[in-house]
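**Q** build me a model:
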Amino acid sequence: MDWSETFASCFVDVRGQPIHYVASTVPADPHPTLVLVHGVGLSHRYLMPYAVRLAKYFRVFVPDQPGFGLSYKPQRTLTLPELADWIADWMEAIGLEQAALMGNSVGCQVLVNLAVRHPHRVLRAVLQGPTIDPAAGTFWQQWRRWYRNRTEERSTDKGPIVERDYWECGPGRLIRTFRYALEDHTEELYPQMKCPTLVVRGALDPIVPQEWAEEVTRRLPNGRLIVLPGVPHTANLEAPLELLRVTKPFFEEERQPAEMSVGRLS
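**A** Numbering: from 1, shown residues only. Down below sits the predicted model:
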């Protein structure tokens, strides 16, 4: 996908290290600004099919977390809370006080950590395919679910994108980050996440079964759930138009007066 006419590739120093991100260049209402958070081993690239569609309506940023994509590679693999702290510092470095955020897969766990550790940064959140279901909390149980998911995903473009991202981060960092995701116990953090939150599940997603998506939503103080028919785990890449259809109205609620937003969520 050619997104060069709608996004610019940028670098900024965060804690003295170069962090890469892409920023939309199409004029749009700056409130709320959107930040997209990638999953384990991936980068901004697999979020771009969704990002370019969002950029018609919102100002959009997509950072590469430290260790991934074009950002600097720390010698030590960072934990999910550490990655969340880096996103908060990156937001400060680019002058972004607050944003609405969307995370996919393990990116949801990073986003939840961000919302709990730095609540003033997160206006509202979309958790698309939130991991990890404690009912399959071991490495091999998750591996089987991820393998099944590959049979559901249909994009001919995904293979090269994923392979390039995995090669850039390296197998060691990929596996260690995945193990950190297993150890994170994000389910314990959901009750502390106070911002309006939309959980989006693809109906064909074997990684995030319906029961777990419903449990995530129940644990959230201000959550709701939408299921996308015929969609697998990575909706931002496999079904960006369907994901846009359900997330655009949710993000636009931030543009309404506070009393109207409360009415919509009650």
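
**Q** which helices and strands sit right next to the strand or helix carrying E92?
**A** Using DSSP states H and E, E92 sits within helix 80-93. Here helix 80-93 touches strand 7-14, strand 17-24, strand 34-37, helix 106-117, helix 171-183, going by 3 or more C-beta pairs under 8 Å, 6 or more residues apart in numbering; DSSP states H and E. Backbone N, C-alpha and C define where each C-beta goes, glycine included.

**Q** how many degrees apart are it and helix 171-183 in direction?
**A** Helix 80-93 and helix 171-183 meet at an angle of 100 degrees, taking axes from the mean of the first three to the mean of the last three C-alpha atoms, to 10 degrees as the criterion.

**Q** and helix 80-93, what's buried?
**A** Judged by neighbour count using 16 or more other C-beta atoms under 10 Å, the buried positions of helix 80-93 are 80-88, 90-91.

**Q** and stretch 124-135, by the same measure?
**A** 124-133.

**Q** restricting to C-alpha, output that stretch in CSV.
**A** In CSV, the C-alpha atoms belonging to stretch 124-135 read as follows (Å, rounded to 0.1, in the frame of the first residue of the first chain):
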residue,chain,number,x,y,z
ARG,A,124,-10.6,6.8,25.0
ALA,A,125,-9.4,3.5,23.8
VAL,A,126,-10.2,0.7,21.2
LEU,A,127,-9.0,-2.8,22.1
GLN,A,128,-9.1,-4.7,18.9
GLY,A,129,-8.5,-8.4,19.6
PRO,A,130,-7.3,-8.0,23.2
THR,A,131,-4.9,-10.6,24.4
ILE,A,132,-4.2,-12.8,26.4
ASP,A,133,-7.1,-15.0,27.4
PRO,A,134,-6.2,-16.6,30.7
ALA,A,135,-8.0,-19.8,29.7
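
**Q** pLDDT averaged over it - what is it?
**A** For stretch 124-135, mean pLDDT is 94.

**Q** follow-up on the earlier one: list the contacts of the helix holding E92.
**A** With C-beta atoms under 8 Å, 6 or more residues apart in numbering as the contact definition, helix 80-93 has outside contacts at 12-15, 19, 21, 35, 37, 63, 65-66, 78, 97, 99, 106, 109-111, 113-114, 117-118, 121, 177, 180-181, 184, 186.

**Q** which of these are buried?
**A** By 16+ other C-beta under 10 Å, those give 14, 19, 21, 35, 37, 63, 65-66, 78, 99, 106, 109-111, 113-114, 117-118, 121, 177, 180-181, 184, 186 as buried.

**Q** picking up where we left off before, how about JSON lines for the buried residues of helix 80-93, with distance to A8 added?
**A** Shown next, in JSON lines, are those (distance: C-beta to C-beta, whole Å):
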{"residue": "L80", "distance to A8": "28"}
{"residue": "P81", "distance to A8": "30"}
{"residue": "E82", "distance to A8": "27"}
{"residue": "L83", "distance to A8": "23"}
{"residue": "A84", "distance to A8": "25"}
{"residue": "D85", "distance to A8": "25"}
{"residue": "W86", "distance to A8": "21"}
{"residue": "I87", "distance to A8": "19"}
{"residue": "A88", "distance to A8": "22"}
{"residue": "W90", "distance to A8": "16"}
{"residue": "M91", "distance to A8": "17"}
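
**Q** no more questions from me, cheers.
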